[in-house]
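A.B. asks: What follows is a predicted structure for the sequence shown.
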Amino acid sequence: MAGEKLETVEIVKEKGESPNIKNLGDFWNFLKKELVPRGHIATPFNIISLPIMLLGYVFIVLRLAYGLGKPVTNLNQEYPWGLWIGFDVVTGVAFAGGAYVLCFIVYVLRAEKYHPIIRATVLNGFLAYLFYAGAIVLDIGRWWNIYNPMIGNNFGVNAVMFLVAWHFFLYMLAALVEFSPTIAEWLGMKRLRKILGAMTLGAVIFGITLSTLHQSGLGALMMMAKSKIHPLWYTDFIPILYFVSSIFAGLSLVIFEGSISHKVFGHQLDEAHHKHYDDILVGLARICAVTMFGYLFLKAILLVHEHAVPYLNSAMGFWYLFEVIGFILIPCLMFISGAQQKNTATIKFAAILTMVGIILNRLNYTFIVYNWYVPLSEKYWPAPMELIITASIILTEVWVFRWMVNRMPVLRKPPAWAIEKH
Amino acid sequence: MNRKLIFFLVSIAYLILISYGLYSVYTVEATLRVKEPPKIKPENKIAIARTEIFGKLERPQVIFNHGKHEEAYKTEGCTACHPEKDGQVIFDFPMNLKKRDKTSVMNAYHDACIECHKKSAKKEKTGPVNCGDCHKEQERDLIVKHPKAEFDFYVHDKHVKKLKEKLGKDDCGLCHHSYDIEEEDEALRLVYEPGTEESCYYCHDLEKKRGPELKAIQNAAAQKGLSMRRASHQQCLNCHLKYQDEYLKKGDKEAVPTDCSKCHTGKYKTVAELEKVPRPDRDQKDKPFINIENSKMKGVTFDHKTHETYSRTCRSCHHETLNACNTCHSLTGKPEGNGINIAAAYHHAFSEHSCAGCHNKKKEDKKCAGCHHLIPAMDLETMNPKKETCAICHTGKKDQLPMPKPLSTAGLNQQKVKKEVEIKILEKEFEPSKFPHMDIINELVKISNDSKMATYFHRNLQTLCEGCHHRSAAEAEAQKDTPPNCKNCHMTAYDRQNLNKTTLLSAYHRQCLGCHEKMELEKGRKCTECHKAKPGDSQKIITMRNEKVVKQNTSIIINEWRPE
Amino acid sequence: MDRRNFLKILGSGVAGAATGNLLTPGRTLAKETPSAKEFYGILVDTTRCIGCRRCELGCAEVNGLPVPDISESKNENLLKTIRKTSDTQYTIINRYETEKGKIFVPKRCMHCNQPGCVAACLVKAMRKRPSGQVTWDLNCIGCRLCMISCPFDIPKFEYNKAIPRIQKCNLCYDRYNNGVLPACVEVCPTQALMFGSRKQILEEGKRRIAANPDKYIEHIYGEYEVGGTSHLYLSSVPFEQIGFRKDLGTVAYPKYSTGFLYAVPFIFVLWPIVMLGINRATKKSKEDEEHHEEKEKH
């Protein structure tokens, strides 16, 4: 962390200076300059993360050369989807849900209070889609056909997956547009900044609509696994559950990620922001608590509606109740109490619990309670290489995030010329 | 600091719960297997649950050791616990049960058991008085089931002889009675008339649906609570109690048992074991001539005497009434016989009480089933049955035909009837299969001659041929004396017009294997016994079968099916 | 692939069927072209199967899969375990010990009338052919949602290949187009498998049950299960005893996701309108905004 601090000294120096890019050559020179690492390289984080990332890249090559199965992943014929889809894609997208929720609050409802964190959240959402959803390329077996749903010759327009694929793609574009003013500011392109700024609202509304559909669409993917998912989890309303849970999942990640970046990049923020920040957290906690309560209510109704109550008295019932009580009800209460006492520590802890709960929930659908009746010998659990590749993808995302935050006006105030337009 | 500690502890708790939960979810398959409730030998124990009154039990059932209590109350006798009426012990418990609702039944049990235990506790070691000592949790799902007691011909005969010895004359009325529902005086309703004995089940089987007349009697039995179970306990045990002491004095403990397990043995005598036992005499004819008035068919002389030894009870043919068939079944059917006419009563293919039904059952025996599983059962629905077949029973003569001579292969034309047949249908893959034609004929003749029924019904050797050479037209065969070959009907290739038609390959396999399977033969069940592998590439079975059909390579072809 | 090639295959199928030179599957096919509107399938009579595994052999030969060893000694050991179809076996035979003795059950793709795998496929690599076969094509992207959506766990993925495929029985679609019976049907020595249009085999199944009421149980597996399948099964014991699921219901699997799909256009149109409306409604007047900004500056 000391390294980051040193780094910022430089940045503060540079603050306010916008590069003057007139042609492609200038851009290249600027980019080259920016790509050079700043500050200390040998920070503990770098030392730990770099080997993992490199190992991950090697394993990715292995996966491409030898196929998906052992030893890279533990996927088998019983469990076609494992950690990569369950965690990277499905959970990653749920966590990226913070972006559309905050956009809705800030741009549609115009709650300006949350404006200071919008850029970081959108960037985070965009990168999450780019990397985690991008991990799908690794997971799909015939990845060289990935363009088929977009420009292929055979559109399975009635497939949920088709919808999800298109929405992923379009949402990435929308998120890029939402974030692009920041890039324009970084590059000092004033005209472009103006055009992109005008496009924001459209992109935001488009993005929220897409998010609504594909967050629930990820749930709808599991609808045809009716005979395989335990009846406590399978309901006709999985898409709605997925959508509602993506709201508090995304916000929890915003709280969690925000509190880390506040420590790491805190110096980029001015005093006013720091003062506001607790207030923002309390507000987010309230939203979380309300949506979680709604989610809980929905779960209770569905439990009765699907005649699943008798299953509660079993091992699966314990796991279900643990998920609902331990990861929804308790964090919900903690959010409420944290918001009332304005205690950010409680809120942060609740956010972590919620995130663990969401991970478990999504993994439940992909492999834990999926095919729950098969014997232990055929069960799936992540292979070491799978875990390392996942870790390396996350770490890469963190590196990119750090690079962008350090260079672009994500957390810090935009350059003076941009503020006027706002 | 304190808060951090709490968060830390909570996290640890969550970690433990997650690992426990994951473990139980991953191993859930093991718990899915259904556990069978444990069974114990009933011996002289009784499971008291009375679920008909209590429904779902609050506490576990009580496994009551009846034998132990018998031992303890040797001097007092049964009346210590069971009520007595008109000099007969009624095997009810508890004694003074007034109402049959949950609380009163529960209280009655508790009063009867606990009071007695308390009372005798002063004098000697006695039973428990605490809840959990009778209602044992580990015995909750225990199943104590006494197998049905069977009063078979052997036991019946023993009773008849012993009682005659004792009383000096036959008195079937000791057990057999009928209920005269017309009689005004309740006490006189139970009457006995020799020659009208029936099975106890006739009136006391309260679960069976009966006609209106019998229903009234059945209701009377039900009102007194005389189900088959209670009626037989009352009838048998009271008599046994009466004579028990006498035999005990003689030191013969086994003669008149009162222990549960002595009657409820769970062992039942087979027909063969009962063959030598004389059947009850109810003035039945040995060989009645069954001739139905106005019927189109000739009469049948039925060897009743011999058939008696083929069944374990009279009920198996006569239902429970022990009447002659035509009492209830007439040419057009009567309500007493559920409208079943006499033709169906004798010929119903699947009934347990009809001649044809029982004979069909016998044909399911493994020795017979090899051929007979493919031969449709003869019944009323059989159109144009062979006259000779009917004539075997319907002789129209009062004397039964003599037993036909056993079949013999001696007269067979060795040229026409091949000793061994080579089947070459799969010769591209395997060496020809050798079919021991003559050996099989000999074996079938032996089986037929060994069975009395088969000897009686298989009148000539041709009948046996039809077991395999089925659907042959007897008239046509008679002229040429050669049953049809398999190939004559079954084609080597699939019939384009009818894909369901049995191909030759399938006909061979299903005929041979079907017979071997039904006859439970060890031999001839494995592929290699008939098919000896031929050297060479025998794995390309499709290419081998039809050279014209191009071998397909799906991967190439699928590549070519790009979207239309 | 070009259109011409496909038509050639199609044409030869028609020609073969019409001239009757080749072994043609059934009367109906002889009259009609392969693009018949009727689904074709197989009636599997488990009481007839003797467990010789020749169908596995024929299937492997025709589909270019590893050839299994079906010798007697091998079978005895192999059949002790209940197997599943795999990426190298489109069809397998299982042995079940039941109250009626050993029962052999051939298992393969059921070729549902409305297959979940087809509905799940985003590039239409899985397709239900007009003649009933569910086939897989090379434009697949390998997402494996078909495996998740299949109630019978049939599509299998080649996990250990760099260029993997989804492997499953295609009811010998190519052979069908050439007017030949599926390999398994052709080699079955006991005619436990009967190929025909779904109507034909359903009728035949019902006829067999009616003719032997004590031999078969009165249920044709696949008649109504998951909306009907092109593979139908007859059995002498309840189907759960020979490894069939009875809890799949009679609703066609694609129906489970239609609810969501119906909602999509509504959300897609209404949601932006609503949001735009809210956005306009919450817009503050100019004075408010100035006031607000001043406040912010403080």
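C.D. replies: Structure received.
A.B. asks: Every contact and neighbour count from this point should use C-alpha atoms.
C.D. replies: Noted.
A.B. asks: Which parts of the stretch 1-150 of chain C are helices?
C.D. replies: Ranges of helices in the stretch 1-150 of chain C, per DSSP state H, counting those that start in this stretch, are C:3-19, C:26-31, C:54-63, C:72-78, C:116-120, C:145-149.
A.B. asks: hey, C-alpha coordinates of stretch B:228-239 in PDB?
C.D. replies: Output of stretch B:228-239 as PDB, limited to C-alpha atoms (Å, rounded to 0.1, in the frame of the first residue of the first chain):
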ATOM      1  CA  MET B 228     -62.300 -64.200  10.900                       C
ATOM      2  CA  ARG B 229     -59.600 -63.400  13.400                       C
ATOM      3  CA  ARG B 230     -61.800 -63.100  16.500                       C
ATOM      4  CA  ALA B 231     -64.100 -65.900  15.500                       C
ATOM      5  CA  SER B 232     -61.400 -68.400  15.000                       C
ATOM      6  CA  HIS B 233     -59.500 -67.500  18.200                       C
ATOM      7  CA  GLN B 234     -62.700 -67.800  20.200                       C
ATOM      8  CA  GLN B 235     -63.700 -71.100  18.500                       C
ATOM      9  CA  CYS B 236     -60.300 -72.800  18.600                       C
ATOM     10  CA  LEU B 237     -58.800 -71.500  21.800                       C
ATOM     11  CA  ASN B 238     -61.900 -72.200  24.000                       C
ATOM     12  CA  CYS B 239     -61.900 -75.800  22.800                       C
END
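A.B. asks: For that stretch, buried residues please.
C.D. replies: In terms of neighbour count (16 or more other C-alpha atoms under 10 Å in any protein chain shown), stretch B:228-239 has its buried residues at B:228, B:230, B:231, B:232, B:233, B:234, B:237, B:238.
A.B. asks: Also stretch B:450-468?
C.D. replies: Here stretch B:450-468 shows B:454-459, B:461-462, B:464-468 as buried, counting by 16+ other C-alpha under 10 Å.
A.B. asks: tell me the two of the residues you listed that are most distant?
C.D. replies: Greatest spacing in the buried residues of stretch B:450-468, by C-alpha to C-alpha: B:456 and B:468 (20.2 Å).
A.B. asks: before we move on, back to that, out of the buried residues of stretch B:228-239, the closest to residue B:519 would be?
C.D. replies: For the buried residues of stretch B:228-239, the nearest to residue B:519 is residue B:228 (39.3 Å; C-alpha to C-alpha).
A.B. asks: In this model residue B:205 seems to touch that closest one, though I could be wrong.
C.D. replies: Yes - applying C-alpha atoms under 8 Å, one finds residue B:228 in contact with residue B:205, separated by 5.4 Å.
A.B. asks: Who are the contact partners of residue C:220?
C.D. replies: Residue C:220 makes contact with C:205, C:206, C:232, C:233, C:234, C:235, according to C-alpha atoms under 8 Å, 6 or more residues apart in numbering or on different chains.
A.B. asks: Out of those, give me the one that has the most neighbours.
C.D. replies: residue C:233 (28 neighbours; other C-alpha atoms under 10 Å in any protein chain shown).
A.B. asks: How is it assigned, secondary-structure-wise?
C.D. replies: Secondary structure, DSSP: H, G, I helix; E, B strand; the rest coil: residue C:233 is strand.
A.B. asks: picking that back up, which of the buried residues of stretch B:228-239 sits closest to chain C?
C.D. replies: Using C-alpha to the nearest C-alpha, residue B:228 is the member of those that lies nearest chain C, at 31.1 Å.
A.B. asks: Which residues are in contact with the closest residue to the closest one other than its chain neighbours?
C.D. replies: Excluding the flanking residues, the one nearest residue B:228 by C-alpha to C-alpha, 6 or more residues apart in numbering or on different chains is residue B:204, at 4.9 Å. By C-alpha under 8 Å, 6+ apart, the contact set of residue B:204 is B:218, B:221, B:222, B:226, B:227, B:228, B:231.
A.B. asks: which residue packs closest to the second one, ignoring adjacent ones?
C.D. replies: Closest residue in space to residue B:221, ignoring its immediate chain neighbours: residue B:204 at 6.4 Å, by C-alpha to C-alpha, 6+ apart.
A.B. asks: For the one you found, give me the backbone phi and psi.
C.D. replies: Phi and psi for residue B:204, reported as degrees, to the nearest 10, are phi -90, psi -10.
A.B. asks: The one 5 residues further on now?
C.D. replies: Note on residue B:209: its backbone torsions stand at phi -80, psi 130 [degrees, to the nearest 10].
A.B. asks: do you know how far residue A:114 is from chain C?
C.D. replies: Distance, residue A:114 to chain C, by C-alpha to the nearest C-alpha, to the nearest Å: 13 Å.
A.B. asks: quick check: mean pLDDT across stretch B:210-217?
C.D. replies: Mean per-residue pLDDT for stretch B:210-217: 80.
A.B. asks: Repeat that for stretch A:106-124.
C.D. replies: 86.
A.B. asks: Double-check residue B:64 against residue B:48; I have them as touching.
C.D. replies: Yes - the pair residue B:64 / residue B:48 is scored as a contact, 6.8 Å apart, by C-alpha under 8 Å.
A.B. asks: Distance to residue A:207 and secondary structure added to the contacts of residue B:204, as TSV?
C.D. replies: Listed next are the contacts of residue B:204 as TSV, based on distance: C-alpha to C-alpha, whole Å; DSSP: H, G, I helix; E, B strand; the rest coil:
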residue	distance to residue A:207	secondary structure
B:218	80	helix
B:221	81	helix
B:222	78	helix
B:226	80	coil
B:227	77	coil
B:228	78	helix
B:231	83	helix
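A.B. asks: Please report phi then psi for the residue nearest the centre of chain B.
C.D. replies: Ranked by distance to the mean C-alpha position of chain B (C-alpha atoms, centre = their mean), the top residue is residue B:352 at 10.4 Å. The phi/psi pair for residue B:352 (degrees, to the nearest 10) reads phi -80, psi -20.
A.B. asks: where exactly do the strands run in the stretch 51-200 of chain C?
C.D. replies: C:92-98, C:101-107, C:126-128, C:134-136, C:156-157, C:166-167, C:193-197 (DSSP state E, counting those that start in this stretch).
A.B. asks: Can you flag which of the buried residues of stretch B:450-468 belong to helices?
C.D. replies: B:454, B:455, B:456, B:457, B:461, B:462, B:464, B:465 (DSSP state H).
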